[in-house]
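Q: Sequence first, then the predicted structure, then my questions.
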Amino acid sequence: MDSLSPVIGPKLVVPLRSVRRILGPDLQPNLNRICNKNKKINGMHAENTKPRAASSAAAIDFRDRDWKSKYEDDFQARFNIPHLTDVIEDALPIPSTFCLRMRTPTQDFADGYINNNDRVLLKVINYSSPTSAGAECIDPDCTWVEQWVHRAGPREKIYFKPENVKAAIVTCGGLCPGLNDVIRQIVITLEIYGVKKIVGIPFGYRGFSDKDLSEMPLSRKVVQNVHLSGGSLLGVSRGGPSVSDIVDSMEERGINMLFVLGGNGTHAGANAIHNECRKRRLRVAVVGVPKTIDNDILLMDKTFGFDTAVEEAQRAINSAYIEAHSAYHGIGIVKLMGRSSGFIAMQASLASGQIDICLIPEVSFNLHGPHGVLRHLKYLLETKGSAVVCVAEGAGQGPMLHMRIGAEFPTCFLPHVRQGPMLHMRIGAEFPTCFCCILQPFLKTNFHHFRNFIQKTNAKDASGNIVFGDFGVHLQQETKKYFNEIGITADVKYIDPTYMIRACRANASDGILCTVLGQNAVHGAFAGYSGITVGICNTHYVYLPIPEVISYPRAVDPNSRMWHRCLTSTGQPDFLD
Ligand SMILES: Nc1ncnc2c1ncn2[C@@H]1O[C@H](COP(=O)(O)OP(=O)(O)OP(=O)(O)O)[C@@H](O)[C@H]1O
Ligand SMILES: O=P(O)(O)OC[C@H]1O[C@](O)(CO)[C@@H](O)[C@@H]1O
Ligand SMILES: [Mg+2]
């Protein structure tokens, strides 16, 4: 297959540390060598720099007549969900103690169990061409390939006797609307199975090691009304003890079911805890519930809290609109969360219909220059009299690099990533600039053209996440400066509702999502699964192996219908030279 043929797949954002992890120890020196070599040849024309690994070592040989069935088998193996019996041969099932039967059963009341072989289709669109908007294709012909994942829900056989269970719940990372709803449902469902020992670990993973923090006994009575307020009953934190210390602590406390509520960092921790438990041959189920208002977890329709955050953001946007609309030459700027994904900003802009410019991390833009954001603001003041800008926290931190693996990015560098997906990386913060020069001949966009990005801070939070400079403040200052310089009056108002959109109670749709996810987490643990997480795919609830949902953060696809709808709604041009 021609290495430059248009193979289109799902989009991904890969931070540098992930690139290094994906490359593996064998290929890492290549990355380093390319970077070092490029430092020496700095100044050379990009056209003259031939990448070492430009040839595509295709992951799939599409000439093989069986490639499709091989792909489907491989997919099935990847999405197989780990079970206690994989390592503990003598773990025997017992009939489920989860029962909704009425005291006087009627004939039409089904048990409601899920068969272990039930599956949900992950991708439901049959794209007829790689050029169809948002197409996710495996091969150049965009052949229909079935991708099935495990259906979530209660099983007829369970692998834990409720009287022997000590279940623990921990909430990690930042706050998210709905945490209390999930905690509540986990506790209620555990009690229906007959579990008596349920505890909360205070303040995230930290609660496993901090001797001053004691576990919180939980029962239906304790959690009955917790969903009526936001935050987490248990508290949250970033950073914390090592995985082996966490598992030591679990052994000491006799915890054999652990429910972990958190984002991609928390899930990486949960998977490591699951692996450590396996290594020690412990009969423990570790089940995650994805929590992130950023909606940056792969494969799911959405994560809980996201809808609420978008809804809360409406108030800030509406205030910005009123302020801007009521002022002479008013400009309202609203900054919303989204470290590496612009879902909140995009959806909030779409929902409000009041946004003129939406800036997200996944889409590069120039602030200054003839086609920059500031020039467009001037145009909006001249034509509309006011303007409202919605900016995601991670926007403007550096130009984005978009490459299709196989077609533009050498697949030999990414042996574990399937042919076809797009790479979206923030140059500088997530992708080394020197490596980028090497790839320049293959890139559609010349990243040298982008300028006026915010200064890198190099700061990290306790979990190792990059802390970005405040682009909202930067945009406000640059806007004021620009209009001052060109002698046009502009009344610039900046609203930062950052914590207000997440420190609130879940709305009704998130409330339902949390309820179902919490219940399914308990069903998964009792069914003997571990190292899994729960999610909603195409409106159905599923169990997924943790590594598959956190291999990189989910990002807005700049070629997706949704981003195009957002552009249609705002009417903004691209801000490229
Ligand atoms: N690779 C990892 N292995 C083990 N533990 C991790 C890993 N990454 C993060 N953690 C732990 O997971 C917890 C939460 O991580 P983090 O602060 O990144 O939040 P998160 O789960 O990604 O949620 P949010 O969406 O709010 O950022 C922290 O206690 C951190 O120490
Ligand atoms: O200030 P905190 O608590 O670290 O949380 C902020 C972060 O939370 C998130 O919403 C989710 O990780 C990020 O977008 C944001 O950077
Ligand atoms: Mg995270």
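A: Everything's here; your move. Numbers count the residues shown, from 1 in each chain. Ligands and ions are numbered 1, 2, ... in the order given.

Q: Alpha carbons only: can I get stretch 466-482 in PDB?
A: Output of stretch 466-482 as PDB, limited to C-alpha atoms (Å, rounded to 0.1, in the frame of the first residue of the first chain):
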ATOM      1  CA  ILE A 466       1.200  20.300  32.900                       C
ATOM      2  CA  VAL A 467      -0.100  23.500  34.400                       C
ATOM      3  CA  PHE A 468      -0.700  26.000  31.600                       C
ATOM      4  CA  GLY A 469      -0.400  29.700  31.600                       C
ATOM      5  CA  ASP A 470      -3.700  31.500  31.600                       C
ATOM      6  CA  PHE A 471      -4.600  32.100  28.000                       C
ATOM      7  CA  GLY A 472      -7.800  33.800  28.900                       C
ATOM      8  CA  VAL A 473      -5.900  36.600  30.700                       C
ATOM      9  CA  HIS A 474      -3.400  36.700  27.900                       C
ATOM     10  CA  LEU A 475      -6.200  37.100  25.300                       C
ATOM     11  CA  GLN A 476      -7.800  39.900  27.400                       C
ATOM     12  CA  GLN A 477      -4.500  41.800  27.700                       C
ATOM     13  CA  GLU A 478      -3.600  41.300  24.000                       C
ATOM     14  CA  THR A 479      -7.100  42.400  22.900                       C
ATOM     15  CA  LYS A 480      -6.900  45.600  25.000                       C
ATOM     16  CA  LYS A 481      -3.400  46.300  23.700                       C
ATOM     17  CA  TYR A 482      -4.500  45.800  20.100                       C
END
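
Q: Of all the residues in it, which ones are buried?
A: 466, 468-472, 474-476, 478-479, 482 (16 or more other CB atoms under 10 Å). C-beta here means a position set from N, CA and C on the backbone, and glycine is covered the same way.

Q: quick one: contacts of that stretch?
A: With CB atoms under 8 Å, 6 or more residues apart in numbering as the test, stretch 466-482 has contacts from 331, 333-335, 339, 359, 367-368, 373-374, 377-378, 389, 391, 393-397, 429, 452, 454-457, 459-461, 490, 492, 494, 496.

Q: Please list which of those also come close to ligand 2.
A: Contacts with ligand 2 within those, counted by CB under 6 Å from any ligand atom: 339, 393, 461.

Q: Distance check, the first one against ligand 3.
A: What it means is residue 339. 7 Å (CB to the ion, to the nearest Å).

Q: Now do the contacts for that residue.
A: Counting by CB under 8 Å, 6+ apart, residue 339 touches 294, 296, 361, 393-394, 465-466, 468.

Q: In strands, which of those residues fall?
A: Counting by DSSP state E, the contacts of residue 339 place residue 466 in strands.

Q: buried stuff in whichever strand or helix holds residue 334?
A: Element membership for residue 334, per DSSP states H and E: strand 330-336. Neighbour-count burial for strand 330-336 flags 330-336 (criterion: 16+ other CB under 10 Å).

Q: on that earlier part again, so which of the contacts of stretch 466-482 belong to helices?
A: The helices, defined by DSSP state H, take in 373-374, 377-378 from those.

Q: how deep is residue 230 tucked in, by neighbour count?
A: 19 (other CB atoms under 10 Å).

Q: That one: what's it in contact with?
A: Residue 230 neighbours (CB under 8 Å, 6+ apart): 175, 177, 180, 502-506.

Q: Residue 312 sits in which helix or strand?
A: helix 306-326.

Q: Are any of the contacts of residue 230 buried, and if so which?
A: Applying 16+ other CB under 10 Å to the contacts of residue 230, the neighbour count classes 175, 177, 180, 502, 504-506 as buried.

Q: What is the nearest of the residues you listed to residue 225?
A: Of all the buried ones among the contacts of residue 230, residue 225 sits closest to residue 180, with 9.1 Å by CB to CB.

Q: which ones are touching the residue lying closest to residue 256 once chain neighbours are set aside?
A: Distances taken as CB to CB, 6 or more residues apart in numbering put residue 284 closest to residue 256, at 5.0 Å, once the chain neighbours are dropped. For residue 284, the contacting residues are 250, 255-258, 274, 277, 530, by CB under 8 Å, 6+ apart.
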